[in-house]
Every structure is written in structure tokens, then in C-alpha cells.
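Colleague: Just to be clear, the model below is a prediction. Sequence and coordinates:
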Amino acid sequence: MKLNFLSAGEIIRSKENTSLLDIAKDCLDRIDRIDKDIKAFVYINRECINRVNVKKGNLAGIPIAIKDNICVKDELTTCASKILEGFKSPYDATVIEKLKNEGAVLLGKTNMDEFAFGSSCETSYYGPSYNPWDKSRIPGGSSGGSACAVSADETIMALGSDTGGSIRQPASLCGVVGLKPTYGRVSRYGLIAFASSLDQIGPITKTVEDCALLLNIIAGYDERDSTSVDIVVPDYTKSLVKDVKDIKIGIPKEYFLEGLDLEVKKAVSDGLNVLKELGARTVEISLPHTEYALSVYYILAPAEASSNLARFDGVQYGFRIKDPENLMALYRRTRSQGFGKEAKRRIILGTYSLSSGYYDAYYLKALKVRTLIKKDFDEAFKLCDCIITPTSPTCAFRLGEKINKPLDMYLSDIFTIPVNLAGLPAISIPCGFNKENLPIGLQIIGKPFDEETLFRAAYTFEQSTEFHKKKPKIKP
Amino acid sequence: MKITRDVVEYLSALARIELSQEEKELLSLQLEDILNYFETLKKLNTEDIPPTSHVVSIKNVFREDVQRESLNCEEVLKNAPLKEDGCFKVPRIV
């Protein structure tokens, strides 16, 4: 069997009889054969093969794909945007330093919605990625390339980033595991900022075990990110225990109403029953401000983005228009030609809600409602240990289906966004397939810094079901 | 909430992004849609609710004021589209 089909856990356990070099070779070979149809990668680092066996560590020789908004020293980092065309980062993100220290092999950069603005990977300057389960469909976004690469066995594991669902939604739509850690759990140093108060880097993997292995490495306080939190990082693999008897699961009634696809609803309900049969208890809870979350997010995230993206002006790096007549023309035309449609839409929207006269009605109002949304979760967690919901209201939709309807596109993150607003950890795991053989994901939301309960519930579910073992049929 | 083309023009000036006529028209419609969606927030009375800008309490990080290595000039300018004499080059300002 080709080694690219293995999980990191399987590789580590079979270390003596697996050649590390062959793992990387098999991944690169798989990429060469199928990535022309999947388009998971925007940049492939073939030199990585030379670094195998150089370093020992907990991920020695394990290939990993990196979302294109995470800085890797001397390698292209473009956020899938024209405005960062050709940009090679002069430094490593903290998570990349940690991966390199553990001997991981960086295969290259994965496709994403431009600056992570999107839920389908269609806003990438390089063109879309294609869902390995059905190439006429989107893989989700914005970390769609990372989810594709893991799902199609082009890599062993991947990193994504999640601002409103950008790890969990593509993981769900591609049938893999994706975790957004608690805000502050993982350093954002070297992650090109979209919305600084919401962004987190996290793992996209084939199994819950791999997810724990990867979080073990990337988590922790970093003095270079003042929003990272100095709390001891436990060994998350210790939570890989098949036991949910003492876990009480909250089921928010607001998440199972209209708009939810019936097949998704059924798969998630069946998933809950699996955990109940294994001894978990459930309780109905209410998150009354859920209906406001999308509005709050689409005020706050673009506001922060419009400010974060001010630095792209054609002076320090990336794309720059030719022969501007003055400085203002340089800025205005570089940004006009360098940013894609969705990036412009978000910058303009964010500029609106921050502009004088509208600040109180939009930005400040949204910050206040964010408090209410967070309080909803605080109250709910008095009654339960974790919360289970669908990850996405539907399975993967078709390419082009929502790209010209921004609001419809935004609604596909309705179950993931509240988690970012409240800064909580959440994991998406495969929990079924619809009639068209498209994957369905189940989201488990935890208390702040309690990734351990998520891993325990997710692992128990995974070990009791077969969904994660099913692979998309891809013609080589 | 009506978003006229003038408003979009004003925003494009603030955001330093030149927009074509076509883009302005499309954006004014789309922004109107999105802002109308936000109207739902008005249902909530938030007068006494404090705002949350970050979910974790953030404190400043201090370090000793000692010299340490940083990127050298060459590294800093490596990605610059135009440079001259160790500086980023921009159109004449004065």
C-alpha cells in the first residue's frame, strides 16, 4: 500500500518498518498524479524531500500541507491573492518553527479563499479547488485546499486557519477532521491576519488521534502573540479514550430549525444516538442569541479585515501597478487591481461599519451583541460539558452556486460562526453521507481551553463508527 | 438603508480602492442587502451591555529593553517591488 494513505498515528506506530523518505515520496507522487484535478496546492515544495531524515522529533518525516496564509521562511506565502504575488516570507510563523523542530516535512502551500474571505475556495486568485468526493462541487472554505489535500491523501496532515468556520466547514464537506482551538491556544504569529480577534490556526487531519498529535505540537503561549494565553498545554493524546459515560452533551434547539438539510439533520441525530448508547447523557439547551451571530460576525470580521488589509499598498511587498502618477494613485490602483471581488466587498463593508456616523450603530452594537452570544454559551456550559451541532447546514454545494450571492454564501457558516465570536474550541468529525455520497460533519463545541473533552467525545464517536474510513474515489 | 453610489464612492476613497462604475453599482446593491440583513440587531436593547472586543483578557507584554537581532535591511527589502539606496521607493511626495 502507498504510504500517503496512512494517518500520522499509523506511521508513528509502524516506525521501524516504514521508510520516512517513502512517505514523502508517495505524497509527492500522489500530488503529481491527482492534484491537476483537485487543485489543493498553490505551491509544491519538491525540495522538502531533502529534509526528510534530517531531524528527529514527534513528527519526524510526517508530511504536512500548510494553508497559504501561514508564513514559511523563504517560501511563497500569498493568501491566494494577486496582491501578494511572489511574496516570500522572511520568517517562519511560530507554528511552522514548532513543526520544523519536530521534524515535519512541509509539502507546500494549500489553496484558500483570498485572504480567507469565503466558504468555498472560489475566491482564490489561483482558481477554485475541487471537492475530492465530487469534483463538480466546492470543498468548502476558506481552508478548502488543506481539507482537499487531506481528504484526497495527498498529504498526511494539514494546517488551516479558522475565523468563522474556515477549518471546520471544509473538513465537514470533505469528510475529514478539523479543529478550531480555543482563541489564544495557538500562536497567531506569522498567520497573515484576517480578523485578529477571531482567527485561530488549527489541524485538519484524517483521524482524531492525528488532530491531538498536531495540537500537542502547535499549542502554547508565545510572547510574540500577545493574545496567546499562558495556560499549560496538556498531552492531548491522553484524551484519546473511548469513554463518554460522564459526559453531558448539550443540544441547542436553535441549531436544528429551518434551513437545515434533512439528511444532515438525520446524520447528526444518529450521531448523537451513537454517543448516547455509549453512555453519554444529553440535555436540550438554548443559545437564544444565535440568530444574531451572522450579523455580528459580518460586521466585526470585515471591520477588522479592512484595517488589517490596509498594509497591502504596493510599497513593501507583492503586486504594484506600473508608473503611478502619485502616491494616492499607487495605493488606489494597486489595491483595485490586486484585490479580488470578495476582498473588495469586505474591505468596503468593514470601512462602512467603522466610518464615523455608523460606528455606534454597527461596530459597537455588534461588539455588545457579541457579549450576549458569549454569555449564551457561558450559561449553556453550566448545564453540559460540550455542545453538539451540525458543522454545516448542507453538504458541499456546486461550484458557482453561491458565488454571486454573498448573503447565501455567508449563511453556510451559520453554525460555526458563533464559536469564533465566543472564542471557544470546536471540532468537526465525519458523521455520515447523504444519498449522493457527500460527507456530513458533526461539530462538538467545548468550554474554553477544554479541547480534552472534545477529543474524548470525538475519539469515542470515531472508534465506534466507520465514516472516517471511507475514502473518495479518485481516478489516478 | 439605502446605499447610493455616492456612499460607495466615499467608502472607496476611505479604503483607498479605485472601483469601476460597474463595481460601484453592484456593490451598492450588495451592501444594501447585507446592511438590511444587519437590521435584525436593532431588535435587541444593548444599552447596558458592555462590548466584547476580545474574549480573552489581554495584557501588554513587556521585555527588557536590550538589543537583539532583527531582520537586516536586505531581508526587509527583499520583497519590495521598487527600492533604492536601502529604502522602499514611492512616487515623489514633496
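Modeller: Looks like it came in fine.
Colleague: Spatially central residue for the chain, please.
Modeller: All of this refers to chain A. residue A:167 (1.6 Å; CA atoms, centre = their mean).
Colleague: meant chain B, my bad for not saying
Modeller: Centre-nearest of chain B using CA atoms, centre = their mean is residue B:15, 7.1 Å out.
Colleague: Can you tell me the closest non-neighbouring residue to that residue?
Modeller: residue A:351 (4.5 Å; CB to CB, 6 or more residues apart in numbering or on different chains). Bear in mind the C-beta positions are built from the backbone N, C-alpha and C, glycine included.
Colleague: any idea how far the residue nearest to the centre of chain A lies from residue A:433?
Modeller: 21 Å (CB to CB, to the nearest Å).
Colleague: Ok, residue A:344 next?
Modeller: Counting by CB to CB, the gap from residue A:344 to residue A:433 is 37 Å.
Colleague: which one of these two has more residues nearby?
Modeller: residue A:344 (23 against 17; other CB atoms under 10 Å in any protein chain shown).
Colleague: So the residue nearest to residue B:15 belongs to a helix, correct?
Modeller: Yes. Assessed with DSSP: H, G, I helix; E, B strand; the rest coil, residue A:351 lies in a helix.
Colleague: give me the number of residues near residue A:464?
Modeller: 14.
Colleague: Just the pLDDT at residue B:60, thanks.
Modeller: Looking at residue B:60, its pLDDT reads 80.
Colleague: cool, and residue A:157?
Modeller: 98.
Colleague: Could you do residue A:16 as well?
Modeller: Value for residue A:16, per-residue pLDDT: 65.
Colleague: about what we covered before: who touches the residue nearest to the centre of chain B in this structure?
Modeller: A:306, A:335, A:347-348, A:351 (CB atoms under 8 Å, 6 or more residues apart in numbering or on different chains).
Colleague: again, 7 Å this time
Modeller: Going by CB atoms under 7 Å, 6 or more residues apart in numbering or on different chains, residue B:15 touches A:306, A:347-348, A:351.
Colleague: if we can go back for a sec, ok, the residue nearest to the centre of chain A to chain B distance?
Modeller: 18 Å (CB to the nearest CB, to the nearest Å).
Colleague: per-residue confidence for that residue?
Modeller: 98.
Colleague: cool, the one 10 residues further on as well?
Modeller: At residue A:177 the predicted local distance difference test score is 98.
Colleague: For it, grab the count of nearby residues.
Modeller: Residue A:177: 31 neighbours (other CB under 10 Å).
Colleague: Surely it and residue A:207 touch.
Modeller: Yes. Using CB atoms under 7 Å, residue A:177 is in contact with residue A:207, at 6.3 Å.
Colleague: Using CSV, write out the CA atom coordinates for the stretch of helix or strand residue A:24 belongs to.
Modeller: Under the criterion of DSSP states H and E, residue A:24 resides in helix A:20-38. Taking Å, rounded to 0.1, in the frame of the first residue of the first chain, the C-alpha atoms of helix A:20-38 are listed here in CSV:
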residue,chain,number,x,y,z
LEU,A,20,10.3,8.2,6.1
LEU,A,21,11.6,9.1,2.7
ASP,A,22,9.0,6.8,1.0
ILE,A,23,6.2,8.6,2.8
ALA,A,24,7.1,12.0,1.4
LYS,A,25,7.8,10.4,-2.0
ASP,A,26,4.4,8.8,-2.0
CYS,A,27,2.7,12.1,-1.1
LEU,A,28,4.5,14.0,-3.8
ASP,A,29,3.7,11.2,-6.3
ARG,A,30,0.0,11.4,-5.4
ILE,A,31,0.1,15.2,-5.8
ASP,A,32,1.7,14.8,-9.2
ARG,A,33,-1.0,12.3,-10.3
ILE,A,34,-4.2,13.9,-9.0
ASP,A,35,-3.7,17.5,-8.0
LYS,A,36,-4.3,18.7,-11.5
ASP,A,37,-7.9,17.7,-10.9
ILE,A,38,-8.2,18.6,-7.2
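Colleague: which secondary structure elements does the strand or helix carrying residue A:455 contact?
Modeller: Using DSSP H and E, the element containing residue A:455 is helix A:451-463. Helices and strands touching helix A:451-463, by 3 or more CB pairs under 7 Å, 6 or more residues apart in numbering or on different chains; DSSP states H and E, are helix A:208-218, helix A:262-277, strand A:386-390, strand A:426-433, strand A:439-446.
Colleague: one more time with 10 Å
Modeller: Packing partners of helix A:451-463 (3 or more CB pairs under 10 Å, 6 or more residues apart in numbering or on different chains; DSSP states H and E): strand A:177-180, helix A:208-218, helix A:262-277, strand A:386-390, strand A:426-433, strand A:439-446.
Colleague: just the ones you listed: most buried one?
Modeller: strand A:177-180 (a mean of 34; mean count of other CB atoms under 10 Å in any protein chain shown).
Colleague: Next one: that strand, is it in contact with chain B?
Modeller: No. In terms of CB under 10 Å from any CB of the partner chain, no part of strand A:177-180 sits within range of chain B; the closest distance is 12.9 Å.
Colleague: Settle this for me: residue A:91 is touching residue B:78, isn't it.
Modeller: No. Between residue A:91 and residue B:78 there is no contact under CB atoms under 10 Å: 11.3 Å.
Colleague: shared neighbours of those two, which are they?
Modeller: Counting by CB atoms under 10 Å, 6 or more residues apart in numbering or on different chains, the common neighbours of residue A:91 and residue B:78 are A:74, B:71.
Colleague: thinking again about what came up before, give me the common contacts of residue A:177 and residue A:207.
Modeller: With CB under 10 Å, 6+ apart, residue A:177 and residue A:207 have common neighbours A:7, A:157, A:429, A:458, A:462, A:468.
Colleague: What's the separation between the last one and residue A:430?
Modeller: Between residue A:468 and residue A:430 the computed distance is 5 Å (CB to CB).
Colleague: Residues that sit against both of the two, list them.
Modeller: With CB under 10 Å, 6+ apart, residue A:468 and residue A:430 have common neighbours A:175-177, A:206, A:439, A:461-462.
Colleague: Tally up the residues packed near residue 35, please.
Modeller: Assuming you mean chain A. Residue A:35: 21 neighbours (other CB under 10 Å).
Colleague: Chain B was what I was after
Modeller: Quick note: residue B:35 (other CB under 10 Å) scores 21 neighbours.
Colleague: and what of residue A:49?
Modeller: 16.
Colleague: got it, and the one 5 residues further on?
Modeller: Counted with other CB under 10 Å, the burial measure for residue A:54 works out to 11 neighbours.
Colleague: Same question for residue A:339.
Modeller: 25.
Colleague: got it, and residue B:64?
Modeller: 5.
Colleague: ok, the residue of chain B most remote from its centre to residue A:91 distance?
Modeller: Distance to the chain centre peaks in chain B at residue B:66, reaching 32.5 Å (criterion: CA atoms, centre = their mean). With distances taken as CB to CB, residue B:66 is found 20 Å from residue A:91.
Colleague: can you check residue A:281 too?
Modeller: To residue A:91, residue A:281 is 48 Å away according to CB to CB.
Colleague: For the closest residue in space to residue A:456 that isn't next to it in sequence, give me its contacts.
Modeller: Among residues not flanking residue A:456 along the chain, residue A:239 sits closest, at 4.8 Å (CB to CB, 6+ apart). By CB under 10 Å, 6+ apart, the residues touching residue A:239 are A:208, A:212, A:450-459.
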